[in-house]
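Enquirer: here is the input, now give the coordinates:
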Amino acid sequence: MYKKIKSLIAVMFVGILSVSGLSACSTGAKTADTKDSAIVFTDQRGKEVRLDKPAERIATAVIPSPAIIAAVDGSYDKIVGINESSLKANKGGIIGKIFGEVATNAKTICDSSFVPDMEAILALKPDVVIQWGNMGTEIIEPIEKAGIPVVGLKYGTQEDLETWIDLFGKILGKESRAQEIINGMHTKADAVKNQISQLNVDVTTGIVLSYGEQLSAANKEDYQHYYFEMAGGKQVSDDVSDEGILSKEDLIAWDPEVIMLSAFDESTPDDIYNDEQLKSLSAVKNKRVYKTPLGVYRWQVPCAESPLMWNWVAYLLHPDEYKVDLRTMMKEEIKYLYNYDMTDEDIDHVLRVDVNAGSDKYATLQK
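Expert: So this is what the prediction gives:
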């Protein structure tokens with residue numbers, strides 16, 4: 001479903017500007033000459049996007065993107081419109097402490113259906129709108145018909161995440177910073193893989209579970225598969241349908257050793273521990289159910305904080321073997337990405353120490 005991003009296609013004008021140092025996942029390049037200094041690149045739809053200059057006003061329907069844009073830009077000031085789900089995360093995470101009311105009172109341009117509210121978008125006067133490019137033309141065409149440039153993204157892999165970062169660097173005129181973040185991810189991924197390869201442990205089965213009236217989980221095409229595999233685990237829901245819907249009977253048959261609860265709902269480990277239908281699960285018997293962190297954004301999906309999620313998962317899959325000082329790593333990563341000094345209270349909040357405290361080995365992540 002998700003193919004490797006094709007290599008860079010340079011857009012040339014009279015008087016070629018040589019461009020270097022771009023990621024292999026790049027999808028376009030900034031070009032300029034004495035007559036035309038526009039930014040021109042190709043988005044993940046394969047469509048050329050043209051901006052007259054680096055964007056000063058960005059509206060985005062893509063839920064994880066505001067926190068990534070802020071990491072590349074060093075500011076939330078250029079983000080004028082976001083998804084309703086992004087706003088909910090902003091109010092629950094630490095982003096308000098970092099960027100203040102500009103993040104927690106941001107205007108919304110759509111809900112989780114991604115259908116654009118054109119009245120809201122037009123009122124915000126964005127230089128560019130970021131939208132999913134693989135969910136049908138009906139959520140993009142109204143924006144393009146209004147004459148606003150649209151950058152179409154696709155979801156699912158680490159390469160996609162790196163391409164987002166690369167594209168945001170182009171949009172903002174901060175390509176070097178974007179490449180630096182991408183390079184850092186490569187280094188941090190190698191560190192996790194190298195340590196896992198040296199551990200004498202069996203593969204641990206696990207799942208990131210949305211638990212509510214309806215159960216759902218990601219399949220092997222989704223980002224969760226990437227970090228479970230990196231961390232020496234097997235995602236038991238790899239073969240669910242694209243909708244991700246499953247039953248408690250499925251969960252019982254798979255019997256995951258570790259359950260990680262989605263940050264998109266209000267479920268807690270106690271909900272699973274107290275579910276009479278799930279008493280037989282290994283994860284329940286061994287108290288290995290955990291609520292996934294909400295930092296500047298929800299760690300479970302591709303975001304600027306993804307290296308922290310990789311390490312959190314690796315530790316919880318192999319708590320006696322995998323060595324990581326996650327609290328120190330969090331302080332260093334958030335300082336690098338957002339120039340913010342996390343307090344111990346911030347870290348406890350992000351790691352959900354309040355609801356995870358009763359689960360196995362979580363005390364070692366507390367102050």
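Enquirer: all helices for the stretch 251-367 of the chain, in order.
Expert: Applying DSSP state H, counting those that start in this stretch to the stretch 251-367 of the chain gives helices spanning 269-273, 282-285, 306-317, 326-338, 344-350, 353-356.
Enquirer: need the strands for this structure, in chain order.
Expert: Counting by DSSP state E, the chain has strands at residues 39-42, 48-51, 58-60, 79-83, 107-110, 128-132, 150-153, 204-210, 215-217, 233-235, 245-246, 258-261, 289-291.
Enquirer: off-centre distance for the shortest one?
Expert: This means strand 245-246. 22 Å (C-alpha atoms, centre = their mean, to the nearest Å).
Enquirer: remind me what it packs against, helices and strands.
Expert: Using 3 or more C-beta pairs under 8 Å, 6 or more residues apart in numbering; DSSP states H and E as the contact definition, the elements that strand 245-246 packs against are strand 215-217. C-beta coordinates here come from the backbone N, C-alpha and C atoms, glycine included.
Enquirer: ok, residues contacting the strand it packs on?
Expert: 207-210, 224, 235, 237, 240, 243-248, 250-251 (C-beta atoms under 8 Å, 6 or more residues apart in numbering).
Enquirer: buried subset of those residues?
Expert: Restricting the contacts of strand 215-217 to buried positions leaves 207, 208, 209, 210, 224, 235, 237, 240, 246, 251, with burial counted as 16 or more other C-beta atoms under 10 Å.
Enquirer: how many neighbours does the spatially closest residue to residue 185 that is not a sequence neighbour have?
Expert: Beyond its immediate neighbours in the sequence, the residue positioned closest to residue 185 (C-beta to C-beta, 6 or more residues apart in numbering) is residue 307, lying 6.0 Å away. Using other C-beta atoms under 10 Å as the criterion, residue 307 is surrounded by 22 other residues.
Enquirer: go on, residue 331?
Expert: By the measure other C-beta under 10 Å, the count of residues near residue 331 is 18.
Enquirer: on that earlier part again, out of the contacts of strand 215-217, which is nearest to residue 105?
Expert: Using C-beta to C-beta, the shortest approach to residue 105 within those belongs to residue 210, at 27.6 Å.
Enquirer: mind listing the residues bridging to the closest one?
Expert: Taking DSSP bridges as the rule, residue 210 bridges to residue 216.
Enquirer: number of nearby residues for residue 213?
Expert: When counting by other C-beta under 10 Å, one arrives at 5 neighbours for residue 213.
Enquirer: ok, now residue 283?
Expert: 26.
Enquirer: likewise for residue 280?
Expert: For residue 280, using other C-beta under 10 Å, the count is 10.
Enquirer: distance of the residue nearest to it when sequence neighbours are not counted from residue 215?
Expert: Here the nearest residue to residue 280 in space, its sequence neighbours aside, is residue 252; by C-beta to C-beta, 6+ apart that works out to 6.2 Å. If you measure residue 252 against residue 215 using C-beta to C-beta, to the nearest Å, the figure is 11 Å.
Enquirer: higher neighbour count, those two?
Expert: Comparing residue 252 with residue 215 by other C-beta under 10 Å, the one with more neighbours is residue 215, at 18 against 14.
Enquirer: quick check: the gap between that one and residue 299.
Expert: Separation of residue 215 from residue 299 (C-beta to C-beta): 20 Å.
Enquirer: what do you get for residue 235?
Expert: As judged by C-beta to C-beta, residue 235 and residue 299 stand 16 Å apart.
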